[in-house]
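[1] Fold the following and give me the result.
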Amino acid sequence: MNGEQKITAGHRQRLAVVYLRQSSLAQVRDNTESTLRQYDLAGTAVRLGWPPARVIVIDADLGCSGRQAASRAGLQELVGRVCIGEVGIILVLEVSRLARCSADFARLLELARLADTLLADADGVYDLQEFNDRLVLGIKSTISESELHLMAGRMHAARVSVAERGRLRCRLPIGYVYDDEGDCVLDPDEQVRAAVTDVFAMFRQAGSAFGVVEAFRRRLFPRRVFGRAHAGQLRWGPLTSSRVQRMLANPTYAGAYVYGRRVDARQLQPDGTTKTVTTRRPRDQWPVLIHDHHPAYLSWSAYLDNLQILAANHTAAHARPVRESPALCQGIIRCGSCGQAMQTRYHHRSHPHGAYACDRMTSHQPTSTCRSIDAACVDAIVVDRLLSALTPAEITRTAAVADEITSRVQRRLHAAGLAVEHARYQADRAERAFSAVEPENRLVARTLETQWETRLNQLADADAALADVRAQLPVLPDSAALEHLAGDVHALWSAPTTTDRDRKRLLRTVISDVTVLPEPDRRKISIGIRWHTGATERITRSRLTAPRTPPTAMAMIRDMAPTHTNRQIAEILNTAGHHSAYNHPFNPGIVNNLRRDHNLPDPRPLQDAEITPTEAATILNISTAFIYYWSSRGYIPTRHIGPRLALTWNPAIEAECRTRAAFPPHHRSTPPRGEAL
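    You can find the predicted model right below:
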C-alpha cells in the first residue's frame, strides 16, 4: 500500500479501526462481495504492522446513508475514539464510506489531524498533517458528494419520467390493487369496495371524520398488510378518525394519479443538528397529476368538496365548525376581557345548554373580569336579536347595503387590478428596452437596468396592494338566500324538524361573532354582536332569562338568611319539598350562590381583620383562582364560614401578596425564593 512509510511506531501502539458502511439494507443483502472486501481490511491492518488484538471493526452503519452523520452510530463511535486519541489509523475501502457530505468529512479530517490519526483507503495511506494529503482527500470528498448528487438526480429524473406516464408503482390505498398487467383497478373483494364506498357516503351525511367513525362503531374496516411474511393479506379492524382523514385527502379515490404530493427537506435544529422533515405541497404544485387514470370511488369535484369540509372542521387552524350541541353560539363566542375564545362546558344532563367559559380560566391565567356564563342566557339574547333582524323589511335593507358594499369592493378591486396591469406593462416595456441595447454599451445598459428594477418594484407594490384589497374583503351574506328565508323564518326556526345544527348555520349566515363584554353588575349581561356586514352593536339585559329559583323558596331564603347558615337553609327547603332553578335539591353551595347574587346577609359576619377572596382579588387586581390556591397551600391564613372563606388580612400579608402578584402568572403558584407567605 502506498505511503506505508508514514506509519510510525506511535501509530502502531494505538488502535487500527476498520470502518464499514453501505448505503442501504438492499446493498448489504445483494452486494455481498463489497461487504467482504471491507471486512478484509482487518487483514490489511495486520499486514501494516498492527497486532490482531489492536484491530477493531466498526460495522454499525451497514445499511445507513452517508448523506448525514447525525444518524450514524458507527461514525459517532469512530469520532469519539479519535477525539480521545485511541486511533492510530482508520481504514476504509473508499473515503466516501466515511461521509458523502463535505462538511462532515472535513470535520473528521480536522479531528484526525489534531489527534495525529492516519487515514487509509485502496489508494494509499494519508497523513492529515501534510497539506498535499489533506488536499487529495478534500478533492475526493468533493467528488464523492457530487457523485451522490448525480446519482440521486438520475434516479429522481427516472422516477418522474415513469410517473409522468402514470406507470410508477407505489403503495395503493385500501380499495385498489394492481392487476397482472400492472394497472390500478378496484379491489375485486366486494366487501372491501362496499366499506370504502360507505366511508365517503357517510362523510357526506355526517360532515366530519368523527361522524364516520361513529357510524362504523359496530363495523370493521379493512386494511392490507405491507412487508414481512404477511404482505398483501387483508386484515379487519376498527376505523379511526385519522385514517378517515387520510382517505378523504387521498386523490387516488377520485381516479387521479398523483406523484410528488410530499417533499423532504432538511431543517436545522436548535441543537445544531439537521433533521429531514416531510411537508405537503399545495395542490397547484404537484409535479404529476393525471385525471381519470383509473376507476374512481367519487368524482374530482366531490373530492374537492370533501377537502373544503375538512378544512372547515380544522379547529386548530381557527376554523369554527358547527357542532351538534344545543349551545347556539358555540365556536363564535369570545371573552371581551382577554379576547380569548370561550369553550362550551356541560355540567349535568338536567342543564343541557351548558355554559360558556373563558379559555384563560382553565389555564389559571384569567383577568379579573374573565367569567363563565349560562349558555341559555346568551343564546336567548342573540336569537331574539337575530329573529328581529330577519324581517322582510330588515332583510331588504340589509340586501341593499350588501349590494352597495359589494359594488364598492368591486370598484376597488377593479382599480387595483388596473394598477397591476399598468405596472406590468411598464415593467415589460423596461425589459424590452434593456434587452434591445447592445451589451457593449454599458452606460446605457446600466441606466436601463436601473429603470427595469424600478418598474419591477412598482409591479411588486401593485401586486401587494391588490392582495391587501382582497384580504380586506368582508364576508357578506347571500342576499338571495336571506330573501328566500325572510317569508317564514320564525316558523322555520321553531319547527321541530329544524335541528340545532341548522339553527347554528342560519345564525352564522348573518352573525360573524359574539363577545361577552365585562359587566360590573352580576345580575346583568352585556354582549356585543358583530354582523357579517361589519356592523356592531352592544346589548345589555338582565340575566333573569335563565331559569330562576321559585319565588316561594326565594322568599324563605330571604327570611332565614340573617339567622340561619347555608346548610340549615338547604335542609329546611328540602324538607318543605322545594327545588332549585334547575329542579335540583338545595345544598349549601346553591344557597351560598343565591346569598351572594342577591346580597343577602350572612349570620356569621367577617371579623375586623378578615376579607373575602373576591375582595382580596380586587385589591390585588388578579383572579380569585390565585387567592384560593394560596389559601389552600396555607400561604394566607383562612377560616371557613360554611362554604365560604374568610382571609386574615393585614398590611404585612397584603405586601407579601403584592410581591407574589408581581410575578408572571405561571410563577405565582410558587412562593418567592421557595418561602411560604
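[2] Show me what the helix or strand containing Glu615 is packed up against.
    Element membership of Glu615, judged by DSSP states H and E, is helix 613-620. Using 3 or more CB pairs under 8 Å, 6 or more residues apart in numbering; DSSP states H and E, the elements in contact with helix 613-620 are helix 624-632, strand 644-648, helix 651-661. For glycine as for every other residue, the C-beta is placed from the backbone atoms N, C-alpha and C.
[3] Now tabulate these in a markdown table and tack on mean neighbour count, distance to Leu248 and mean pLDDT.
    Output for the helices and strands packed on helix 613-620, formatted as a markdown table (neighbours: other CB atoms under 10 Å; distance: least, CB to CB, whole Å; pLDDT from 0 to 100):
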| stretch | mean neighbour count | distance to Leu248 | mean pLDDT |
| --- | --- | --- | --- |
| helix 624-632 | 19 | 41 | 83 |
| strand 644-648 | 19 | 52 | 79 |
| helix 651-661 | 14 | 49 | 85 |
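[4] As TSV, these with distance to Leu268 would be great.
    Below are these laid out as TSV (distance: least, CB to CB, whole Å):
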stretch	distance to Leu268
helix 624-632	40
strand 644-648	52
helix 651-661	40
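[5] Please identify which of the ones you listed is closest to Gly10.
    helix 651-661 (64.8 Å; CB to CB).
[6] In CSV, list the C-alpha atoms belonging to that closest one.
    The C-alpha coordinates for helix 651-661 follow below in CSV (Å, rounded to 0.1, in the frame of the first residue of the first chain):
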residue,chain,number,x,y,z
PRO,A,651,-50.6,45.3,55.8
ALA,A,652,-47.8,42.6,56.1
ILE,A,653,-49.9,39.9,54.3
GLU,A,654,-51.0,42.4,51.7
ALA,A,655,-47.4,43.4,51.0
GLU,A,656,-46.3,39.8,50.5
CYS,A,657,-49.3,39.1,48.3
ARG,A,658,-48.5,42.1,46.1
THR,A,659,-44.9,40.8,45.8
ARG,A,660,-46.3,37.4,44.6
ALA,A,661,-48.8,39.1,42.3
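[7] Between helix 613-620 and that helix, find me the angle.
    70 degrees (axes from the mean of the first three to the mean of the last three CA atoms, to 10 degrees).
[8] For helix 651-661, what is the distance to the chain centroid?
    Relative to its parent chain, helix 651-661 has a centroid offset of 40 Å by CA atoms, centre = their mean, to the nearest Å.
[9] what's the angle between that helix and helix 624-632?
    Using the same axes, to 10 degrees: helix 651-661 against helix 624-632 is 120 degrees.
[10] could you say what helices and strands helix 651-661 packs with?
    Packed on helix 651-661, when contacts are counted by 3+ CB pairs under 8 Å, 6+ apart, are helix 613-620, helix 624-632.
[11] Tabulate those helices (TSV), appending distance to Val510.
    Formatted as TSV, the helices and strands packed on helix 651-661 follow (distance: least, CB to CB, whole Å):
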stretch	distance to Val510
helix 613-620	38
helix 624-632	37
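[12] Residue ranges in the stretch 501-650 of the chain under the pLDDT threshold?
    543-547, 603-608, 641-644 (pLDDT under 70).
[13] The nearest residue to Gln13 once chain neighbours are set aside: what secondary structure?
    With sequence-adjacent residues excluded and distances taken as CB to CB, 6 or more residues apart in numbering, Gln13 is closest to Gly88, at 7.0 Å. Under DSSP: H, G, I helix; E, B strand; the rest coil, Gly88 falls in the strand class.
[14] Low-confidence bits of the stretch 251-400 of the chain, can you list those?
    In the stretch 251-400 of the chain, residues with pLDDT under 70: 272, 315-320, 324, 347-353, 360-366, 368, 391-400.
[15] make it 50
    350 (pLDDT under 50).
[16] would you list every one of the strands in it?
    257-259, 262-268, 274-280, 288-290, 333-335, 342-345, 355-358, 372-374 (DSSP state E, counting those that start in this stretch).
[17] related to what we said a few turns ago, quick one, which of the helices and strands packed on helix 613-620 is nearest to Glu404?
    helix 624-632 (48.1 Å).
[18] Name the next helix or strand downstream of that closest one, please.
    Counting by DSSP H and E, what follows helix 624-632 is strand 638-641.
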